[in-house]
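[1] Requesting a structural model of the entry that follows:
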Amino acid sequence: MLTDTRARTAKAREKPYKLYDRDALYLWVSPKGGKTWRFEYRINGRRETLTFGRYPDVTLQKARKRLAAARELVAEGRSPAAEKANKADAARFAGKNTFKAVAEDWLREKGPTRLPGWRVSVRGWLDNHIYKAVGNKPID
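    Alright, predicted model coming up:
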């Protein structure tokens with residue numbers, strides 16, 4: 001089993017390498033010296049990898065706790081990586097699935113490349129007409 005001392009003293013090499021702990025948990029050490037906790041597993045015969053976070057932000061103890069939770073999902077036939085992605089998407093889109101939120105993102109992106117008169121005109125059009133009709137409606 002891996003120890004915190006061994007993880008802390010792991011040095012970068014020419015090629016990335018793995019320091020194995022247990023139950024398919026390992027510390028991946030990059031050629032630039034970055035260290036991340038990873039877990040390899042199989043779902044429906046397909047190999048997948050889940051990253052738990054960077055060492056030392058995520059300690060060995062935290063990585064083992066996250067491993068236990070991920071192994072439970074694998075035992076149920078669910079992919080921990082897919083669950084993590086779904087949670088991240090839900091958090092990212094929370095409150096951003098309305099027409100107004102998408103339009104504001106669009107305006108923020110396009111605005112700097114347009115003339116000030118265009119920005120004022122579009123802002124007025126959106127505020128006075130569009131948002132009143134469909135601003136709070138979900139995009140889907």
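[2] mind checking pLDDT for the nearest residue to residue 42 once chain neighbours are set aside?
    Spatial nearest neighbour of residue 42, chain neighbours left out: residue 48 (7.2 Å); criterion: CB to CB, 6 or more residues apart in numbering. Using the backbone N, CA and C atoms, a C-beta is placed for each residue, glycine as well. pLDDT for residue 48: 94.
[3] now for the helix or strand hosting residue 48, which elements pack on it?
    Take DSSP states H and E as the rule and residue 48 turns out to sit in strand 46-54. Under the contact definition 3 or more CB pairs under 8 Å, 6 or more residues apart in numbering; DSSP states H and E, strand 46-54 sits against strand 35-43, helix 60-75, helix 80-93.
[4] right, and these - which one's nearest residue 54?
    Distance to residue 54, taken as CB to CB, is lowest for strand 35-43 among those, at 5.3 Å.
[5] helices and strands around the closest one, which ones?
    Contacts defined by 3+ CB pairs under 8 Å, 6+ apart place strand 35-43 against strand 25-29, strand 46-54, helix 60-75.
[6] quick one: least confident helix or strand in this protein?
    When each helix and strand of the chain is scored by mean pLDDT, DSSP states H and E, helix 80-93 comes last, with a mean of 74.
[7] how about the residue of the chain most remote from its centre, secondary structure?
    Relative to the centre of the chain, the most outlying C-alpha is that of residue 117, 38.1 Å out, by CA atoms, centre = their mean. When classified by DSSP: H, G, I helix; E, B strand; the rest coil, residue 117 comes out as helix.
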